[in-house]
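Asker: Everything below, folded, please.
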Amino acid sequence: MRSVGLLLVLTACAASPPAPAPAAPEPSPEPPSHSEPEGAADWLRRGASLIKLGEMGTHDAFEQAKEALLNCVERDPGLAECQYLLGEACEFTEDETCAAQRYTTAVTESPSSPMYYAPLAQTYLRFKLYDQAQQVLREGIRRIPRELANAPDILGLYRMLAHIADVRGDAEGRVKALEEGAREGGSSPDLDFELGLAYLDVQPPRKADAYRSFIRFGKRVCDGPAASFYKTECTFMQRSLARLGIAGQVEPEGESASEPPAPVTIVPASVPLLLPPPVALTVAPLKVGEDFTVWGASYALRSRAHRSEVVSEDDEHPITITGYITRTNLPDAPKCAVHRPGRADPEGCVSPFPTFWLGDSKDAPPEDCISVLGWASNFPQVYEAIRAFDRRNPSQYIDGFLGVAVPNPLPAVGAKVTVRGTYGPKFGVATVGIEPEPTMGILTYRSYTVLEQAPELGTLPGVARKTPQPPSH
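Answerer: Alright, predicted model coming up:
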């Protein structure tokens with residue numbers, strides 16, 4: 001987590017002879033008394049040190065920072081650093097409306113500064129307000145000076161634009177934003193991977209460009225010490241290249257399927273800012289009882305203040321999410337993949353990973369649902385589970401690849417369930433390549449409890465069920 005560069009640096013002087021240092025007092029929003037009245041700069045330093053303390057884990061420090069920084073902006077409302085840090089304090093104390101207002105003021109007071117646009121756009125993205133976020137990002141891109149030190153920030157704005165295009169299903173817009181970002185900010189392994197995915201999503205797929213991007217990514221990551229951290233991405237890359245037969249279809253190095261993007265014209269400071277007016281942003285309860293709601297889990301995923309509550313670094317701390325199954329891909333299983341385990345799918349049979357989606361209501365739109373994977377490794381395993389469930393001997397079926405008990409009853413539309421698993425932007429089974437989902441996240445299944453039965457049993461195409469609905473448990 002990054003703060004502005006005005007955090008107070010504390011230094012200590014050695015004394016002779018040495019003596020035990022007294023315990024540091026708890027921070028307080030009140031600065032030490034001086035003969036002269038405290039100015040905005042004094043309160044800024046105080047607020048910055050409290051923000052740093054909050055980022056280190058002392059959450060109460062954010063509340064104290066708000067008091068100090070309010071004193072700062074009262075004395076100098078035009079001090080952008082103070083407005084920005086106050087926005088951060090508001091963000092970490094669940095006052096999102098205040099965060100949007102203060103980040104907006106920071107941009108207004110210092111429109112050429114590269115560090116203020118992203119936090120404002122991210123505030124809108126936490127609430128999936130894509131129009132507002134896009135407006136902020138475009139304004140930053142046309143105002144931040146093209147200097148080497150600003151390149152990473154400019155690239156970050158383009159990558160957020162690409163994310164918005166991806167959410168909206170605009171594959172060409174996603175590619176355009178990433179290509180412009182690469183021109184402005186240079187290449188990086190993460191950007192290479194994103195470009196590879198983006199090139200494959202356009203129609204027709206830009207296979208040559210995808211190949212070059214993936215090869216750059218592989219050489220920089222998958223063939224080196226960082227490979228263990230990028231297991232999912234490396235697997236996805238390898239499977240994509242093999243499945244699409246990209247190798248051998250590559251254009252000569254340097255050629256591209258599209259024209260290079262035109263340079264961005266930087267507007268003069270005299271041009272009025274085009275920022276969205278701040279709106280009321282209310283954080284609904286993240287949980288009902290001990291379980292996260294779908295909205296609550298996904299908001300926490302997008303929030304710096306709450307992300308650690310749902311995402312664990314080691315993927316070993318599961319959470320529970322309660323919602324309705326709004327869709328499964330069992331009815332979409334290709335006929336070539338519906339058979340008993342131990343038999344290979346025919347050549348050319350492309351089969352998705354078994355998935356169901358959770359929403360906060362039965363009719364929740366797809367963009368507001370969380371995908372649940374890892375409850376079955378393929379459709380043959382689901383087929384065999386159906387056979388076991390219907391003969392009730394055994395009543396449990398263990399997936400032969402994942403080692404997990406396939407849920408009984410099978411996921412079916414209309415059921416209300418509580419799913420226990422690990423959650424994050426990536427699928428937790430590293431041996432399977434699934435494209436990351438940073439907005440709604442992916443829940444990697446461990447177990448579930450059925451709270452309300454679905455109207456019908458889940459099944460595969462052409463497979464009739466033989467038993468009545470099992471009781472809820």
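Asker: wait, residue 201 sits on residue 172?
Answerer: No - between residue 201 and residue 172 there is no contact under CB atoms under 8 Å: 9.2 Å. Just so you know, the C-beta spots here come from the backbone N, C-alpha and C atoms, and that holds for glycine as well.
Asker: For the host helix or strand of residue 383, what does the pLDDT average out to?
Answerer: Mapping residue 383 onto the secondary structure by DSSP states H and E places it in helix 379-391. Averaged over helix 379-391, pLDDT sits at 94.
Asker: CA-only coordinates of stretch 134-153 in CSV, if you can.
Answerer: Provided in CSV are the C-alpha atoms of stretch 134-153 (Å, rounded to 0.1, in the frame of the first residue of the first chain):
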residue,chain,number,x,y,z
GLN,A,134,-13.4,6.1,-16.5
GLN,A,135,-13.9,9.9,-16.5
VAL,A,136,-11.3,10.2,-13.8
LEU,A,137,-8.8,8.0,-15.5
ARG,A,138,-9.1,9.8,-18.9
GLU,A,139,-8.7,13.1,-17.2
GLY,A,140,-5.5,11.9,-15.5
ILE,A,141,-4.1,10.6,-18.8
ARG,A,142,-4.6,13.9,-20.5
ARG,A,143,-3.1,16.0,-17.7
ILE,A,144,-0.2,14.1,-16.1
PRO,A,145,3.1,15.3,-17.6
ARG,A,146,5.0,12.8,-19.8
GLU,A,147,8.0,12.4,-17.6
LEU,A,148,9.9,9.2,-16.8
ALA,A,149,9.1,9.3,-13.2
ASN,A,150,5.3,9.5,-14.0
ALA,A,151,5.4,6.5,-16.4
PRO,A,152,4.3,3.8,-13.8
ASP,A,153,1.4,6.0,-12.7
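Asker: Neighbour count for residue 201 and residue 172, which is higher?
Answerer: The neighbour count for residue 201 versus residue 172, taken as other CB atoms under 10 Å, is higher for residue 201 (18 against 13).
Asker: Distance of the closest residue to that one other than its chain neighbours relative to residue 178?
Answerer: Spatial nearest neighbour of residue 201, chain neighbours left out: residue 171 (4.3 Å); criterion: CB to CB, 6 or more residues apart in numbering. Using CB to CB, to the nearest Å, residue 171 is found at 11 Å from residue 178.
Asker: so what sits against both of these two?
Answerer: residue 198 (CB atoms under 8 Å, 6 or more residues apart in numbering).
Asker: Looking at the two, which is more packed in?
Answerer: When neighbours are counted by other CB under 10 Å, residue 178 comes out ahead of the other of residue 171 and residue 178, with 27 against 18.
Asker: tell me the contacts of the more buried one?
Answerer: 158-159, 162, 191, 194-195, 198.
Asker: That one: which element?
Answerer: Using DSSP H and E, residue 178 sits in helix 171-185.
Asker: Now do the buried residues in the helix or strand just after that helix.
Answerer: The C-terminal neighbour of helix 171-185 among helices and strands, as given by DSSP H and E, is helix 189-201. Of the residues in helix 189-201, those buried under the neighbour-count criterion (16 or more other CB atoms under 10 Å) are 189, 191-201.
Asker: Contacts only, for residue 411.
Answerer: For residue 411, the set of contacting residues under the criterion of CB under 8 Å, 6+ apart consists of 325, 328, 330, 356, 372, 375, 417, 458.
Asker: what's the burial count for the fifth one?
Answerer: Neighbours of residue 372 under the rule other CB under 10 Å: 26.
Asker: Which residues does the residue nearest to it when sequence neighbours are not counted form beta bridges with?
Answerer: Ranked by CB to CB, 6+ apart and with sequence neighbours excluded, the top spatial neighbour of residue 372 is residue 443, at 4.7 Å. Beta-bridge pairing for residue 443 (DSSP bridges): residue 372, residue 423.
Asker: just checking, residue 443 touches residue 369?
Answerer: No - taking contact to mean CB under 8 Å, the distance of 10.6 Å between residue 443 and residue 369 leaves them out of contact.
Asker: Of the two, give the one with the bigger neighbour count.
Answerer: Relative neighbour count places residue 443 above the other of residue 443 and residue 369, with 33 against 22, counting by other CB under 10 Å.
Asker: Residue 427 versus the more buried one, what's the distance?
Answerer: Summarising the geometry, the distance separating residue 443 from residue 427, computed by CB to CB, is 9 Å.
Asker: overlap in contacts of these two?
Answerer: residue 373.
Asker: which of the residues in the lowest-mean-pLDDT helix or strand in the chain are buried?
Answerer: Counting by mean pLDDT, DSSP states H and E, the chain has its least confident helix or strand at helix 231-244, which shows a mean of 79. Along helix 231-244, the positions that meet the burial threshold by neighbour count (16+ other CB under 10 Å) are 231-237, 240-241.
Asker: Kindly report the same for stretch 440-454.
Answerer: Burial within stretch 440-454, assessed by neighbour count using 16+ other CB under 10 Å, is assigned to 440-446, 448, 450, 453-454.
Asker: re the thing from before, for the contacts of residue 411, which one is nearest residue 52?
Answerer: Nearest to residue 52 among these: residue 372, at 38.1 Å, using CB to CB.
Asker: quick one: contacts for the closest one?
Answerer: 355-358, 411, 419, 421, 442-445.
Asker: same thing but 7 Å
Answerer: Taking CB atoms under 7 Å, 6 or more residues apart in numbering as the definition of contact, the neighbours of residue 372 are 355-358, 419, 443, 445.
Asker: so of those residues, which ones are in strands?
Answerer: For those, the ones inside strands are 356-358, 419, 443, 445, with DSSP state E as the criterion.
Asker: In JSON lines: the residues you listed, plus pLDDT.
Answerer: Below are the ones in strands among the contacts of residue 372 laid out as JSON lines (pLDDT from 0 to 100):
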{"residue": "356", "pLDDT": "98"}
{"residue": "357", "pLDDT": "98"}
{"residue": "358", "pLDDT": "98"}
{"residue": "419", "pLDDT": "98"}
{"residue": "443", "pLDDT": "96"}
{"residue": "445", "pLDDT": "96"}
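Asker: Could you dump those residues into JSON lines and include distance to residue 185?
Answerer: Rendered in JSON lines, the data for the ones in strands among the contacts of residue 372 read as follows (distance: CB to CB, whole Å):
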{"residue": "356", "distance to residue 185": "38"}
{"residue": "357", "distance to residue 185": "34"}
{"residue": "358", "distance to residue 185": "36"}
{"residue": "419", "distance to residue 185": "38"}
{"residue": "443", "distance to residue 185": "32"}
{"residue": "445", "distance to residue 185": "37"}
